[in-house]
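Visitor: Structure for the following, please:
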Amino acid sequence: MMRVNLPEALQRIRKKAVDYREDDVLAAFRSMLEEDSLMEINLENALQSPPNENHAKVDASQLDESRVFHLAHIKRLATAYRLRFLDAHLFKGEIPSEAISELKSIQRRQPEALNNFKIMAPASLFELSYQDKDPMLFMPLGNNLYYLVHQWGKDMNPLRKLIVYPFRNVGTLIKSMFVIAFLFQMAIPTNIMMDGLGDSEFAMRIWMTLHVFIALAGIVAMFGYPYVKNFNSVLWNSRYSD
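Guide: Predicted structure coming up:
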């Protein structure tokens, strides 16, 4: 028994249809491609353009609510990992095609052209084109809410949060120096610390902790601050290097 090729059978049915006109179908297909291409161009232009006062009205009911974040949450993450949250046009890396596809999918369900995009990434990505720094593309929803459109690159190293912890703010810097000073004096054996001294060990270790802390403060003031320049809580949404 002969088997039926379903795609060919479907084409035969289409050709026999009274109202079928191949030129119209091709024209409609070309129109869809042109519309998709125009949408992509408009979105790429929006990503490369400075923000304007006319924020697009977004229909939040068409979005995944698990991707909606308040600005306060974004600030906490950026501060914890020493990241920047800046306008997309300042981003110097390459935005992947997957992110553009996500934007097009969202745009098709929205009444107005999307604009004023933001990107969260390390400061270096707003100066150099690195591809492994875990950038995240956001679009504004109003009322300090942002929608996470797409994330690309490698996952953030969990050690980064610990490494940059001292530079979150003044409080975390002081706390970190005290912890380092305490651990340093605890590493010194008692017989070495108390050699020839009649004071109590407890008082001596407090004295050592304070002096190590003062020494660390001097080192940070001379070498650390000129290198780090500012705290994470100040830099998270600043377009300037310091």
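Visitor: hey, let's count contacts and neighbours off CA atoms from now on
Guide: Fine.
Visitor: now Met120: how far from Arg84?
Guide: 5 Å (C-alpha to C-alpha, to the nearest Å).
Visitor: List the contacts of Phe85.
Guide: Phe85 is in contact with 74-75, 78, 118-121, 236-238, counting by C-alpha atoms under 8 Å, 6 or more residues apart in numbering.
Visitor: how about JSON lines for these, with secondary structure and pLDDT added?
Guide: Formatted as JSON lines, the contacts of Phe85 follow (DSSP: H, G, I helix; E, B strand; the rest coil; pLDDT from 0 to 100):
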{"residue": "Ile74", "secondary structure": "helix", "pLDDT": "92"}
{"residue": "Lys75", "secondary structure": "helix", "pLDDT": "91"}
{"residue": "Ala78", "secondary structure": "helix", "pLDDT": "89"}
{"residue": "Lys118", "secondary structure": "strand", "pLDDT": "93"}
{"residue": "Ile119", "secondary structure": "strand", "pLDDT": "93"}
{"residue": "Met120", "secondary structure": "strand", "pLDDT": "90"}
{"residue": "Ala121", "secondary structure": "strand", "pLDDT": "88"}
{"residue": "Trp236", "secondary structure": "coil", "pLDDT": "75"}
{"residue": "Asn237", "secondary structure": "coil", "pLDDT": "72"}
{"residue": "Ser238", "secondary structure": "coil", "pLDDT": "71"}
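Visitor: Could you dump those residues into a markdown table with neighbour count and distance to Gln48 added?
Guide: Formatted as a markdown table, the contacts of Phe85 follow (neighbours: other C-alpha atoms under 10 Å; distance: C-alpha to C-alpha, whole Å):
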| residue | neighbour count | distance to Gln48 |
| --- | --- | --- |
| Ile74 | 18 | 22 |
| Lys75 | 19 | 23 |
| Ala78 | 23 | 22 |
| Lys118 | 25 | 11 |
| Ile119 | 25 | 12 |
| Met120 | 27 | 15 |
| Ala121 | 22 | 16 |
| Trp236 | 26 | 21 |
| Asn237 | 17 | 18 |
| Ser238 | 14 | 18 |
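Visitor: quick check, nearest of these to Gln185?
Guide: Lowest distance from Gln185 to the contacts of Phe85 (C-alpha to C-alpha) belongs to Ala78, with 33.1 Å.
Visitor: Looks like Gly93 contacts Phe126 (just checking).
Guide: Yes: with contact defined as C-alpha atoms under 8 Å, Gly93 counts as touching Phe126 (7.2 Å).
Visitor: Could you check the pLDDT of Met194?
Guide: For Met194, the pLDDT comes out at 66.
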